[in-house]
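>>> just the structure for this:
(2 chains)
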Protein chains: 2
Amino acid sequence: MSATLRIGVAGLGTVGASLLQLLDQHGTTIAARAGRTLTVTAVSARDRNRDRGIDLSGMTWVDDPCDLATMDGVDVVVELMGGADGPARELVSRALANGRPVVTANKALLAEHGNELADLADLHGAALGFEAAVAGGIPIIKALKEGLAGNDVQRVYGILNGTCNFILTEMRSTGRDFADVLAEAQALGYAEADPTFDVEGIDAAHKLALLSAIAFGRRVDFSRVTVEGISGISPVDIAYADEFGFSLKLLGIAERNGDSVTERVHPFLVAIDDPIAKIDGVNNAVIVEGDFVGQVVLEGPGAGGGATASAVAGDLVDIAAGRTSPVFGIPAKDLSAEPAGRASETHGRFYIRLKVEDRPGVIADLAAVLRDNAISIESLLQRGEPEGGTAPIVLICHDAPESRVLAALKQIEGLDCILQNPHMIRIKDL
Amino acid sequence: MSATLRIGVAGLGTVGASLLQLLDQHGTTIAARAGRTLTVTAVSARDRNRDRGIDLSGMTWVDDPCDLATMDGVDVVVELMGGADGPARELVSRALANGRPVVTANKALLAEHGNELADLADLHGAALGFEAAVAGGIPIIKALKEGLAGNDVQRVYGILNGTCNFILTEMRSTGRDFADVLAEAQALGYAEADPTFDVEGIDAAHKLALLSAIAFGRRVDFSRVTVEGISGISPVDIAYADEFGFSLKLLGIAERNGDSVTERVHPFLVAIDDPIAKIDGVNNAVIVEGDFVGQVVLEGPGAGGGATASAVAGDLVDIAAGRTSPVFGIPAKDLSAEPAGRASETHGRFYIRLKVEDRPGVIADLAAVLRDNAISIESLLQRGEPEGGTAPIVLICHDAPESRVLAALKQIEGLDCILQNPHMIRIKDL
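Now for the predicted structure:
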C-alpha cells in the first residue's frame, strides 16, 4: 500500500462521474479525514470517447474493467457498472481474490452473490464496502454494522425504493393511476425505461436481503425474500386507505418471528401518523429497532449521483484509514445459514377489497368463510355503486396469521357472489 | 493489549448499569462484531453498597475512579460520571495521557475541554469516543466523521434536547404553560430537579458545539455558541405560531455563513410541514446537509439508559476492532481555530409579538421604526382584547439581518405605546 490510496473506478455513469468530482473537489478535507490522500489512478467504462464533463487526464484508461483487479498502481477497486453477473461479478471476485479491497454500489451483485464474495473477502483479508448499495446516501450499513453493534436487532424495515415511493406519493396526491404516474416518473428520470426491478419490488428486496444479513448475522438469502411490487395497486385502494386513516407504502421488512427471521417486501398500509407515512417522494427511510437503543430512523436521498457518490466516498475514506469490518458485520463463516422463515408465517391486520353481487346473503357467505378461518372483522364498508347489481366491499380484519387469511381469500374467490378476485393489502402494525 | 478488551467503568448510574447489562446479555454477538471479547474488569462509583440490580462479581471495585486511568487489567476507560470538571476531567485526561482509550457520554466535558483532550488523544495515540454525548442512541457522530466524510457540510442542526422537546410538545398539545409542563416532566423523570441545563439550552449548546467541530473541522468553541432556552416561551406564542402554520422547536443550528460558521441554540418557529416539526416528545433528530449527499435526517431516542449504553457500546466495539478516528474527525492540530461568527450576523424571518396601547397612531409608530431599519412586514395580526385599552399585535417580518431586527426591537421598546417588551422568535427557513 502506498501513502496515497490509489483508486481504480469501473463505470463512469452518473455515480462514477459524481465520485470523480467529489474526490477532486474535496481532496484536501478527505485527506484530512482519511489520514492520506485518495487519488483515482485508473478508470474503465464502455465508451472512451463520451464527454462526461470530467477531466480524466492523469488516469490510466483501462479497456477491460477486470484488469483493475490485478494491475499495478491500483490499491482499491470501485465497481459502479451494475448487474448481478457479468463483468461486475468477475471484477469484484478477482479483486478480492487478489486481496484488493472493493467498494461497490451494486445491490443485485451483493444480494445474489454476497455469501461467496464475503467468503472471498475474509479469505484474502480484503474489505468489501457497499454502503452505496442500500438507501443511497444514508449511512445505514455503517450504522447497523458499527454504531448500533451493541444491540440485538428485532426488526429493520423501511422505504427502500425511491421510484416506488415517488409513484405512490403521486398516486395518493393526484388520484391518478399507476401507469400514468409511472410514465411521469420515467419522464422525470426517477424510473428506468424498463421499470420492472423497481416497481415489482426486486430492487427493494435486494436491499432488504443485505440489511437483514447484517442486522441478524445471517448469510444473504435473496431467494427467501417474499417480493410483491406496486404495479397491481389501484387508485381505489389508495382512496379507501385514506378513508381508513392509512397511507400506502412499499416497505421492506426483516424481523425476528419466533426463532426465525422473515424478510418480505409488500405494499403496506401505514397509519398516517406513523413516521414512515410522512416519507414522501423519492426519499428512502430505514428504521432499526434494537433492544437497547429503541427505534432509530435514518432518512435521506435513496438514489442519485451525488448521494451515491457520497456513500462510496465514505467507504473509501474508511478503507484509506484502515477502518474496516467484515462484509456483513461478522466473519462470513459465523453467519447463520438457517433459511429465512416464510412471510406466510407472519401475522397482522389485513385490508381486503371485494367486488360482489348486490343481492341478499352475500355478506353472510363472506362472513362465514372468515369465521371458518377464525378471522375476525374489525371494520366493514359497503357502499352502493352507480352501476347496479355490483357492490364493492372493503373490510379490515383483526390481527390474524397470514396463512389463515390467504386460505380464506382462496375460499372467497370460489364463492358464487364474487365478481373479481379480492384485493388484499397488509397493514403495518409494528 | 490483551485478546480480550478489558473495560473499566467509572459511574454506575442508569447508563452504567445499562451498559453492564448490555455487555453481559450480548457478549457473544458483540465479540463476533468486535473480533474479540469485551469484559468489564473494574468499576468505580460513589456508593459501593447501593443495589443496582447488576452482578458486579468478578469486577474489581475501585474507590478512586481516577485509578482506572493507570491501573493494570484495564485497556479502555468508560467515563459515565458527568460534569465538565472534577473527577471526570481528571480521569479522562489521565487515561489519555497514559495512552489508554476512553469512551464517554459527557457532553459538558467535551464542549468545555474538548480541544485539550483531543490534543492529548492525538499526542498519545489514544482514541476518545463520545457517540453517547450527542443525541443519545443516534449514531450521528459516526455518520458525520465517517459515513458522510466525502461531503462539505453546509449545515448541521436539530432537536438536541429531549426535555425541551417534550415540554414544547406538551405545551402545544395541551395549551398549558411552561412551569406547569416542566413540573410534569420532572415527575415523569424527563427533567432534572434542577432543569437549568436543559431548559436554558445549555445542554443543546454543548452538543451543537461538538457537532459543529466535526462537521466544519473546527476546534470546539462553546463560548461562541449563542444560547437561548425555552423558559420564556408562553402558550400565547405557541397558539399564534399554530395560527401562522408553525410549530415551535428548540433547535441547535451550526451553519456556514459566508466565510465563517455560526452556532446558535434558540427557540425557532418551524413550518408544520417541515420534517423537524413532526419530531415530538423526548426524541432527538439531527439533520446534516452535505453538498453531495443532500439532506440526511437521523432520528431516535436522545436519552435514557438503554440508548446511551447502545452508543457507548458502539464506541467500545470500534475500539476493540481497531476502527478509530481522530476525536473530531481530523487531527486536532489541523482543526481550524477561527472563532465562530456571531448569531447576529445571520438573517431570517422573525415573529414579533407586542402589547400596545389601543389608540390611533400605534401601528404608524411601529411601522416607522421597522421602515427606518429597512425591515419589511410580511403579515400583521391585530385583535381586540377583552381588557380594553390594550391590543396584542403579532407580526412576521420578511427575511432581514438579525442585527437590524434586534436594533429595531430596541427602538420599539422605547416607544410610548409599548406596554410590554416585545417577544421575538426566529423563524427557521433553512
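>>> need the pLDDT of A:T390.
pLDDT, A:T390: 81.
>>> in the sheet, which residues pair with it? Tell me.
A:E357 (DSSP bridges).
>>> pretty sure it is touching A:C417, no?
No: look at A:T390 against A:C417 with Cβ atoms under 8 Å: they stay out of range, at 10.0 Å. (C-beta placed from N, C-alpha, C; glycine too.)
>>> out of these two, which sits in the more crowded spot?
Between A:T390 and A:C417, counted using other Cβ atoms under 10 Å in any protein chain shown, the more crowded position is A:C417 (20 against 15).
>>> which residues are in contact with both of A:T390 and A:C417?
Counting by Cβ atoms under 8 Å, 6 or more residues apart in numbering or on different chains, the contacts common to A:T390 and A:C417 are A:356-357.
>>> of all the residues in the stretch 251-400 of chain A, which ones are close to chain B?
Within the stretch 251-400 of chain A, the positions adjacent to chain B are A:275, A:278, A:290-301, A:304, A:306-307, A:309-314, A:316-318, A:321-325, A:329-331, A:334 by Cβ under 8 Å from any Cβ of the partner chain.
>>> now go through those residues and say which are in helices.
Secondary structure assignment (DSSP state H) places A:306-307, A:309-314, A:316-318, A:321 from those within helices.
>>> correct me, but A:V43 touches A:I7?
No: A:V43 is beyond contact range of A:I7, at 9.2 Å (criterion: Cβ under 8 Å).
>>> selecting buried members of the ones in helices among the residues of the stretch 251-400 of chain A next to chain B in PyMOL, what would you type?
Filtering those down to the buried ones (16 or more other Cβ atoms under 10 Å in any protein chain shown) takes a single PyMOL command:
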select buried, chain A and resi 306+307+309+310+311+312+313+314+316+317+318+321
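>>> Serialize the ones in helices among the residues of the stretch 251-400 of chain A next to chain B to TSV and add fields for pLDDT.
Formatted as TSV, these follow (pLDDT from 0 to 100):
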residue	pLDDT
A:G306	96
A:A307	96
A:A309	98
A:S310	98
A:A311	98
A:V312	98
A:A313	98
A:G314	98
A:L316	98
A:V317	98
A:D318	98
A:A321	97
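>>> of the ones in helices among the residues of the stretch 251-400 of chain A next to chain B, closest to chain B?
The closest of these to chain B turns out to be A:A313 (Cβ to the nearest Cβ; 2.7 Å).
>>> that closest one contacts B:F292, correct?
Yes: A:A313 lies in contact with B:F292 (Cβ under 8 Å); the separation is 7.4 Å.
>>> now do the shared contacts for those two.
Common neighbours of A:A313 and B:F292 (Cβ under 8 Å, 6+ apart) are A:22, B:150-151.
>>> so which of these wins on neighbours?
Ranked by neighbour count (other Cβ under 10 Å), these have B:G150 at the top, with 31 neighbours.
>>> that one falls within a strand, correct?
No: according to DSSP: H, G, I helix; E, B strand; the rest coil, B:G150 belongs to no strand; its state is coil.
>>> show me what contacts it?
Neighbouring residues of B:G150 by Cβ under 8 Å, 6+ apart: A:22-23, A:26, A:30, A:309-310, A:312-314, A:316-317, B:290, B:292-293.
>>> domain assignment for chain A?
A:5-138+A:325-332, A:140-301+A:334-343, A:346-428 (automatic domain parsing).
>>> any idea which helix or strand carries the residue nearest the centre of chain A?
Central residue of chain A (Cα atoms, centre = their mean): A:A204, 2.7 Å from the mean position. Element membership of A:A204 [criterion: DSSP states H and E] is helix A:202-216.
>>> and that helix, average pLDDT?
Rounded mean pLDDT across helix A:202-216 is 98.
>>> name the helices or strands packed onto it?
Counting contacts by 3 or more Cβ pairs under 8 Å, 6 or more residues apart in numbering or on different chains; DSSP states H and E, helix A:202-216 is packed against helix A:107-124, helix A:140-142, strand A:153-159, strand A:226-227, strand A:246-257, strand A:260-271.
>>> can you rerun that using 7 Å?
Counting by 3 or more Cβ pairs under 7 Å, 6 or more residues apart in numbering or on different chains; DSSP states H and E, the packing neighbours recorded for helix A:202-216 are helix A:107-124, strand A:153-159, strand A:246-257, strand A:260-271.
>>> let me know which of these is the nearest to B:K145.
Smallest distance to B:K145 across the helices and strands packed on helix A:202-216 (Cβ to Cβ): 22.7 Å, for strand A:153-159.
>>> which SS state does the residue of chain A positioned farthest from its centre fall under?
For chain A, the largest distance from the centre (Cα atoms, centre = their mean) belongs to A:P360, which lies 45.6 Å off. For A:P360, the assignment made with three-state DSSP gives coil.
>>> so A:V103, which state does it fall into?
Reduced to three states by three-state DSSP, A:V103 is strand.
>>> gap between it and chain B?
Counting by Cβ to the nearest Cβ, to the nearest Å, the gap from A:V103 to chain B is 11 Å.
>>> what packs against the helix or strand that contains A:A241?
Using DSSP H and E, A:A241 sits within helix A:235-243. In terms of contacts (3+ Cβ pairs under 7 Å, 6+ apart), helix A:235-243 is packed against helix A:162-174, strand A:246-257.
>>> make TSV from these and add mean pLDDT and mean neighbour count to it.
As requested, these are arranged in TSV below (pLDDT from 0 to 100; neighbours: other Cβ atoms under 10 Å in any protein chain shown):
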stretch	mean pLDDT	mean neighbour count
helix A:162-174	95	22
strand A:246-257	96	23
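>>> closest to B:A111 out of these?
Nearest to B:A111, of those and by Cβ to Cβ, is helix A:162-174 at 37.2 Å.
>>> do stretch A:123-130 and chain B come into contact?
No: contact of stretch A:123-130 with chain B (Cβ under 7 Å from any Cβ of the partner chain) is absent, the minimum separation being 10.9 Å.
>>> what is the rounded mean pLDDT of that stretch?
Mean pLDDT, stretch A:123-130: 98.
>>> in it, what's buried?
Across stretch A:123-130, burial judged by 16+ other Cβ under 10 Å covers A:126-130.
>>> so which of those residues belong to strands?
A:128-129 (DSSP state E).
>>> mind putting the buried residues of stretch A:123-130 in a markdown table, distance to A:G136 included?
Formatted as a markdown table, the buried residues of stretch A:123-130 follow (distance: Cβ to Cβ, whole Å):
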| residue | distance to A:G136 |
| --- | --- |
| A:A126 | 24 |
| A:A127 | 20 |
| A:L128 | 18 |
| A:G129 | 14 |
| A:F130 | 12 |
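>>> and the buried residues of stretch A:123-130, which is closest to A:E345?
A:F130 (28.8 Å).
>>> what distance do you get for the closest one to B:D318?
A:F130 sits 19 Å away from B:D318, going by Cβ to Cβ, to the nearest Å.
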